[in-house]
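Peer 1: okay, here's the prediction I keep looking at, along with the sequence it came from:
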Amino acid sequence: MSIGLFATPAYARPRHSEDKAMGDPSDNATQQQARMPLGKLLVTFLRPRPLGVLVAAMLLLGIVLRVHAFGYPDAFMFDEHHFVENARNYINNKADWNDHPPLGKLIIAQSIEMLGDNSVGWRIPSLIFGFLTIACGGLASRRLFRSPGAGWLAAAFLSVDGFLIAYSRAALLDGFLAAGLAITLLISTLTVNIWTAIAAGALLGLSASIKFSGIAVALPIITAVIFAKIPKRKLVTLGVIFGATAALCYFMQYSRGLMLALKSATPVDVVRDTQRLLDHHAGLTDMKNPWTSGWVTWAIPTRPAMLSYARNLGEVRVLSGLGNLALWWPGVLLMIASIVTILAKGVVAVSSPNVDETDDSDSTSVVTFVQDQGRAVLVLLAGCLGFIAPWVITHRDSYIYHFLPAYVAIILLLAGFVDWLMKRKPIDAMIFVSVVLVVAAFYAPIWSSMETSEAAVNARLFWGAWR
Amino acid sequence: MSIHDNLNPWWVAGTAVILAGALLAFGRGRPAATAESMSISITVIPPDAVNLDCSSGVRFGDTQCAFDAAGKPQQVAKPLRPYVTTSRELLLLSGVFEEPNVSTWLQRARQTRSDARVTLNCDVTTLGRLRTVVVRWQTGAAWGQEKDVPVAKVKKCQVVP
């Protein structure tokens, strides 16, 4: 009995060819589906299956939780004033006093000009980028793990996570970076050529134009390119195109911001202003803000962002950035176990594909998973660790939202693992996915500002530090 | 083979979907009922004692707005008045400026001609909700309609400068 999304489980060991990056949709299942007549393919696709029902329920719930009472509250939440006030400054040709490059605020400014200076106008870009994260994360997972099931599971998991839902409902910048990483991971699965080099370069330049930490999107691209084994000469050419596109996008966005603030906007000015911001960030090391949290604590997490908490005569409306604990804790443990496995086995051993050694054993250990899906795991870990590294190697004040893009990579890793498990221990995997859905339904009121009671909020945020 | 290997995947998925639906429908928590006690925080300035008004024909025990539904003044000992909590929620409260601590602060502020804003941390008892009510924030200013506004009466307040 098949319980997956498709009639034919799509397990296939990765096969990598020259000039290909991580993914190739031409796996066994996809090839079989491609040979099917369209009618039969549709019937196969639409025939309800247990996992398909769970995935559909999660996707639907994720959409509802993102759009429910979207404009609430109509006042600033959390750090929104930093970004909305400066979006207004760009519209009014005033100076930006925020300490991040301009692009995130320019995106919000564009939305305000189109939809009005109100809470919906401020937050619509975050909602769009939130949906983009789900779509691109799902596609990236499908291609990285060469399995449609991994793609659907990744989309479903991204859909019902409170950390991502909260950041789809707030005019903050980290959701943009999360989408940037999801798109980059998708690009990393495409054939390496001039167009993917341009697209990846543009993503790098634009991500760094939102926050400097956006530069981390380069790591999964570089990792995927290493696996592609491109001839040296072509690699140099593509590298130059990649770097030049990134630099061009960064300078264009930054100078556009300077121009709107009626400042001199030559490349030298961009470099000078970038240096000014970098110096400013280097000095932010006192960790005195009550919302700061050390990067090690993100695994728990000890200080999830409380974006909004409004009491109204016994009625409470909360927007908490606490993630789906059924994804958070297993995801973090899987990431740690994967890193340990790679350190023990060696990067080369894990990343070396060998089609003759396909493991058909029933082993469900993380070690076997990492050996089976080594390259996909390495690309995802590159994306994850790239976004954590700035806070590990410096003493810069860190906040839980710095973890958001890394968390996208962790969810994709978990989706790949659950899909892999589904082919070995299907009921175990089904129970896990079911728990994710039930936990999401339980936390739904505090992920979408639903009217609830203080007791209900406390039952969900049962640890005092989460409130 | 463990017991759960024999589980029907449809049962697993079905149970999860039903449980999730039940949690969404019934597990959201019950907002406060009438006559429940709770704490709120509002900020006021001395002129609020004469400027804040509401207009409605609905009565809550011995209190109601100082103006009826047609906008005609009516005699009420401790009329309902509109306030905004520090978490920016609108509500109607009875007995704020009549509460002894607030009344003392108001008298002193009027004597010293101080217009300084203070925070009031109050214990209140909920009276219900008004589906629609018109309010104004300045005597003589235009009325504005508000919907679904909670109503409560003050038991005790603490004035925080």
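Peer 2: Here it is on my side, so go on.
Peer 1: hey, let's count contacts and neighbours off CA atoms from now on
Peer 2: Will do.
Peer 1: contacts only, for the residue nearest to A:Gly243 when sequence neighbours are not counted.
Peer 2: Leaving aside its sequence neighbours, A:Gly243 sits nearest to A:Gly201 (CA to CA, 6 or more residues apart in numbering or on different chains; 6.1 Å). Neighbouring residues of A:Gly201 by CA atoms under 8 Å, 6 or more residues apart in numbering or on different chains: A:Ile241, A:Phe242, A:Gly243, A:Ala244, A:Thr245, A:Ala246.
Peer 1: same thing with A:Ala465?
Peer 2: Contacts of A:Ala465 were listed using CA under 8 Å, 6+ apart, and they are A:Thr302, A:Arg303.
Peer 1: try A:Val418
Peer 2: So A:Val418 contacts A:Ala150, A:Leu153, A:Ala429 (CA under 8 Å, 6+ apart).
Peer 1: where along chain B do the strands fall?
Peer 2: Secondary structure of chain B (DSSP state E): strands at B:37-44, B:53-55, B:80-84, B:90-94, B:118-136, B:144-160.
Peer 1: give the buried residues for the third one.
Peer 2: Within strand B:80-84, the residues scored as buried using 16 or more other CA atoms under 10 Å in any protein chain shown are B:Leu80, B:Arg81, B:Pro82, B:Tyr83.
Peer 1: so where's the chain shaky on pLDDT?
Peer 2: You didn't say which chain, so I picked chain A. A:1-36, A:41-42, A:44-46, A:353-361 (pLDDT under 70).
Peer 1: that's the wrong chain, I wanted chain B
Peer 2: In chain B, residues with pLDDT under 70: B:1-5, B:31-35.
Peer 1: quick check: residues of it near chain A?
Peer 2: By CA under 8 Å from any CA of the partner chain, the part of chain B that sits against chain A consists of B:4-5, B:7, B:9-10, B:12-14, B:16-17, B:19-21, B:23-24, B:27-32, B:38-40, B:85, B:87-91, B:126, B:150.
Peer 1: list buried residues within the residues you listed.
Peer 2: Buried positions within the residues of chain B next to chain A, assessed by neighbour count (16+ other CA under 10 Å), are B:9, B:12-14, B:16-17, B:19-21, B:23-24, B:27-32, B:38-40, B:85, B:87-91, B:126, B:150.
Peer 1: from A:Leu235, how far out is the closest residue in space to A:Ile128 that isn't next to it in sequence?
Peer 2: Leaving aside its sequence neighbours, A:Ile128 sits nearest to A:Ser168 (CA to CA, 6+ apart; 7.6 Å). Going from A:Ser168 to A:Leu235 by CA to CA, to the nearest Å gives 37 Å.
Peer 1: so the two - more neighbours on which side?
Peer 2: Shown here are A:Ser168 and A:Leu235; by other CA atoms under 10 Å in any protein chain shown, A:Ser168 has more neighbours (27 against 17).
Peer 1: so that one touches A:Trp122, yeah?
Peer 2: No - counting by CA atoms under 8 Å, A:Ser168 stays clear of A:Trp122, with 11.4 Å between them.
Peer 1: now do the helices in the stretch 51-200 of chain A.
Peer 2: Ranges of helices in the stretch 51-200 of chain A, per DSSP state H, counting those that start in this stretch, are A:80-91, A:103-115, A:119-144, A:148-159, A:162-168, A:174-187, A:194-208.
Peer 1: tabulate those (a markdown table), appending distance to A:Asp362.
Peer 2: Below are the helices of the stretch 51-200 of chain A laid out as a markdown table (distance: least, CA to CA, whole Å):
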| stretch | distance to A:Asp362 |
| --- | --- |
| helix A:80-91 | 49 |
| helix A:103-115 | 47 |
| helix A:119-144 | 22 |
| helix A:148-159 | 19 |
| helix A:162-168 | 33 |
| helix A:174-187 | 29 |
| helix A:194-208 | 37 |
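Peer 1: of those, which is nearest A:Ala406?
Peer 2: In terms of CA to CA, the element of those nearest to A:Ala406 is helix A:174-187, at 7.7 Å.
Peer 1: now do the same contact list for the residue nearest the centre of chain A.
Peer 2: With distances taken as CA atoms, centre = their mean, the residue of chain A nearest its centroid is A:Val408 (3.1 Å). Shown in contact with A:Val408 (CA under 8 Å, 6+ apart): A:Gly137, A:Leu158, A:Ala178, A:Leu181, A:Ala182, A:Cys384.
Peer 1: and the fourth one, how far from A:Met430?
Peer 2: When you say that, I think you mean A:Leu181. 28 Å.
Peer 1: returning to what we had before: show me which of the contacts of A:Gly201 are buried.
Peer 2: By neighbour count, with 16+ other CA under 10 Å, the contacts of A:Gly201 hold A:Ile241, A:Phe242, A:Gly243, A:Ala244, A:Thr245, A:Ala246 as buried.
Peer 1: what about dumping the CA coordinates of stretch B:11-30 to CSV?
Peer 2: Taking Å, rounded to 0.1, in the frame of the first residue of the first chain, the C-alpha atoms of stretch B:11-30 are listed here in CSV:
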residue,chain,number,x,y,z
TRP,B,11,-6.2,6.1,10.3
VAL,B,12,-3.0,8.0,11.2
ALA,B,13,-3.7,10.8,8.7
GLY,B,14,-7.4,10.9,9.5
THR,B,15,-6.8,11.1,13.2
ALA,B,16,-4.3,13.9,12.8
VAL,B,17,-6.6,15.9,10.5
ILE,B,18,-9.6,15.5,12.9
LEU,B,19,-7.4,16.3,16.0
ALA,B,20,-6.0,19.4,14.2
GLY,B,21,-9.5,20.5,13.2
ALA,B,22,-10.8,20.0,16.8
LEU,B,23,-7.9,22.0,18.2
LEU,B,24,-8.5,24.9,15.8
ALA,B,25,-12.3,24.9,16.5
PHE,B,26,-12.3,24.3,20.2
GLY,B,27,-8.8,24.6,21.5
ARG,B,28,-8.2,28.3,21.0
GLY,B,29,-9.0,29.4,24.5
ARG,B,30,-12.0,31.2,25.9
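Peer 1: ok, residues contacting it?
Peer 2: Identification of contacts with stretch B:11-30 by CA under 8 Å, 6+ apart yields A:50-51, A:53-54, A:57, A:430-431, A:434-435, A:437-442, A:444-445, A:451-453, A:455-456.
Peer 1: so which of the contacts of A:Gly201 belong to helices?
Peer 2: Counting by DSSP state H, those place A:Ile241, A:Phe242, A:Gly243, A:Ala244, A:Thr245, A:Ala246 in helices.
Peer 1: so which bits of stretch A:171-185 are buried?
Peer 2: Across stretch A:171-185, burial judged by 16+ other CA under 10 Å covers A:171-185.
Peer 1: with stretch A:90-108 instead?
Peer 2: Neighbour-count burial for stretch A:90-108 flags A:90-91, A:93-96, A:100-108 (criterion: 16+ other CA under 10 Å).
Peer 1: which residues does A:Thr452 bridge with?
Peer 2: A:Val316 (DSSP bridges).
Peer 1: now do the contacts for it.
Peer 2: A:Thr452 is in contact with A:Glu315, A:Val316, A:Arg317, A:Pro445, B:Arg28, B:Gly29, B:Arg30, B:Pro31, counting by CA under 8 Å, 6+ apart.
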